[in-house]
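Student: let me see the structure of the following:
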Amino acid sequence: MRFSVGCRLSYELSGPGTLVFNVHAINSPNQRVLSEELHVTNGGTNAGLYDEWTDPTTQNRFVRVNAEAGPLELRYRAEVESAPQLDYGFIGEISPGALPLHVMPFLYPSRYCESDRLVRLANDEFQNFLPGLSRVTAICNYIYEHIAYQRGSSGSQTSAFDTVTERAGVCRDFAHLAIAFCRALGIPARFVSGYAYGLEPPDFHACFEAFLGGKDGGAWYFFDATRLAPQTGYVRIGSGRDAADVSFATLFGAIEFRGMEIIMQTLDGPPQFTTQAIALG
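Tutor: Presented below is the predicted three-dimensional model:
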């Protein structure tokens with residue numbers, strides 16, 4: 001399935017500053033960027049002082065802009081082909097001793113996912129579910145049923161522990177809590193940012209992946225506890241331990257955010273919700 005995705009981000013700088021963006025769609029086994037363009041203007045003219053870097057481990061793509069005082073605007077547009085893999089049958093868990101070593105860091109607590117503080121709750125709620133896909137699905141169901149999706153209910157400092165205490169949050173909070181529960185149960189989990197079809201209003205969307213048993217020693221399977229968008233209508237921007245690794249914009253200097261527009265359109269017909277396990281790749 002093909003999608004047209006993109007964004008327009010606007011800022012005002014009181015003086016020289018640096019902005020790091022993570023808004024590009026990535027190339028992966030199940031996702032291919034067919035075409036794209038990036039434009040950055042600063043003070044009404046093209047900003048020549050920016051560079052790009054792709055993390056060789058995650059394939060996350062970053063743009064660093066060194067800007068002068070005045071308005072700054074970033075515009076990104078891409079056509080992306082997505083072919084998520086649907087898996088059927090039993091998908092179990094992998095013990096820490098059998099996990100690929102590169103997956104091990106996603107078992108540990110992180111800034112926004114304090115899994116060590118949620119071990120008792122995770123065990124009380126989920127230890128009796130069948131290990132693997134069924135248990136992670138139960139985590140998503142619990143969050144959907146117990147946490148209110150409420151815009152403006154959280155901020156940049158809100159963590160998974162805060163969310164389960166306050167019982168409200170937005171997509172990044174739902175993802176952080178799911179990741180923390182998974183890690184508390186010994187399931188590697190990571191944060192995923194991207195463009196999602198059908199969000200109202202359009203916005204960047206946060207979901208998560210859990211590493212579960214499957215073909216070739218395991219795979220990352222995709223989940224969205226918010227249920228706001230079809231899982232097959234997602235274009236990945238990046239992945240990391242939590243939102244700190246894949247923030248769409250990180251600002252250094254006296255910089256004021258002025259607004260954004262998000263584009264996510266299907267070019268082949270609307271994607272569908274599914275109950276099957278999905279690997280975005």
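
Student: can you tell me the element Met260 falls in?
Tutor: strand 255-266 (DSSP states H and E).

Student: then that strand to PDB, C-alphas only?
Tutor: The C-alpha coordinates for strand 255-266 follow below in PDB (Å, rounded to 0.1, in the frame of the first residue of the first chain):
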ATOM      1  CA  ILE A 255      13.000  29.000  20.000                       C
ATOM      2  CA  GLU A 256       9.300  29.200  20.000                       C
ATOM      3  CA  PHE A 257       7.100  26.600  18.400                       C
ATOM      4  CA  ARG A 258       4.500  28.300  16.100                       C
ATOM      5  CA  GLY A 259       2.600  25.400  14.700                       C
ATOM      6  CA  MET A 260       2.500  22.300  12.500                       C
ATOM      7  CA  GLU A 261       0.600  20.500   9.700                       C
ATOM      8  CA  ILE A 262       0.700  16.700   9.200                       C
ATOM      9  CA  ILE A 263      -0.100  15.000   5.900                       C
ATOM     10  CA  MET A 264      -1.100  11.300   5.800                       C
ATOM     11  CA  GLN A 265      -3.000  10.200   2.700                       C
ATOM     12  CA  THR A 266      -3.500   6.800   1.200                       C
END
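
Student: who touches that strand?
Tutor: 1-14, 17, 19, 71-72, 77, 195-199, 202-204, 233, 235, 249, 251 (C-beta atoms under 8 Å, 6 or more residues apart in numbering). Backbone N, C-alpha and C define where each C-beta goes, glycine included.

Student: give the buried subset of these as a ChimeraX selection command.
Tutor: The ChimeraX command for the buried members of the contacts of strand 255-266 (criterion: 16 or more other C-beta atoms under 10 Å) is given here:
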select :1,3,4,5,6,7,9,10,11,13,17,19,72,195,196,197,199,202,203,204,233,235,249,251
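
Student: state the distance from the residue lying closest to Pro271 once chain neighbours are set aside to Gln265.
Tutor: Closest residue to Pro271 apart from its sequence neighbours, by C-beta to C-beta, 6 or more residues apart in numbering: Gly233 at 3.3 Å. From Gly233 across to Gln265, the span is 10 Å (C-beta to C-beta, to the nearest Å).

Student: overlap in contacts, those two.
Tutor: In contact with both Gly233 and Gln265: 3, 197, using C-beta under 8 Å, 6+ apart.

Student: quick one: the helices in this structure, in order.
Tutor: 119-126, 133-146, 160-166, 171-184 (DSSP state H).
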